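Novice: Predicted model and sequence follow; I will ask about them next.
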Amino acid sequence: MSRQGAAALYVLAMVAVIVGADLMFFRNRFWERLIANIGIVLVFAAFYLRAFGAPWSR
């Protein structure tokens with residue numbers, strides 16, 4: 001699988017986790033949902049940079 005395909009699957013997984021958390025836990029709580037979504041994106045970004053390397057260091 002190409003690097004671009006792996007990144008696309010990674011983004012789809014992140015979207016699935018965010019939507020699942022929103023629907024399960026934070027349906028009517030705007031600020032809690034926003035903070036949780038930002039945290040999920042930061043965790044996914046950290047794992048992405050760890051797994052695929054920083055794009056600016058090539």
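Specialist: Sure, I can see it. Since this is a predicted model, take the numbers as computed values, not measurements. Numbers count the residues shown, from 1 in each chain.

Novice: Roughly how far does F52 sit from N28?
Specialist: As judged by Cβ to Cβ, to the nearest Å, F52 and N28 stand 36 Å apart. All C-beta spots, glycine's among them, are computed from the backbone N, C-alpha and C.

Novice: more crowded one of the two?
Specialist: Neighbour tally, F52 and N28, criterion other Cβ atoms under 10 Å: the higher count belongs to F52, 12 against 6.

Novice: Quick check: the gap between that one and R33.
Specialist: Separation of F52 from R33 (Cβ to Cβ) stands at 28 Å.

Novice: do A21 as well
Specialist: The gap separating A21 from R33 is 8 Å, by Cβ to Cβ.

Novice: L9 now?
Specialist: 24 Å.

Novice: Which residue ranges of the protein form helices?
Specialist: Shown for the chain, the helices assigned by DSSP state H span residues 3-25, 30-52.

Novice: how about these in JSON lines, adding mean pLDDT?
Specialist: Below are the helices of the chain laid out as JSON lines (pLDDT from 0 to 100):
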{"stretch": "helix 3-25", "mean pLDDT": "90"}
{"stretch": "helix 30-52", "mean pLDDT": "91"}
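
Novice: List phi and psi for S2.
Specialist: When quoted as degrees, to the nearest 10, the phi and psi of S2 stand at phi -70, psi 160.

Novice: and it, how many neighbours?
Specialist: Number of residues near S2 (other Cβ under 10 Å) recorded here: 7.

Novice: do the same with A6
Specialist: Residues lying near A6 (other Cβ under 10 Å) number 13.

Novice: ok, it - contacts?
Specialist: F52 (Cβ atoms under 8 Å, 6 or more residues apart in numbering).

Novice: rerun at 10 Å
Specialist: 48, 51-52 (Cβ atoms under 10 Å, 6 or more residues apart in numbering).

Novice: do I35 as well
Specialist: Contact partners of I35, counting by Cβ under 10 Å, 6+ apart, are 26, 29.

Novice: The one 5 residues further on too?
Specialist: I40 sits next to 14-15, 17-18, 20-22 when contact means Cβ under 10 Å, 6+ apart.

Novice: filter those to the buried ones?
Specialist: For the contacts of I40, a burial check counting by 16 or more other Cβ atoms under 10 Å picks out 14, 18.
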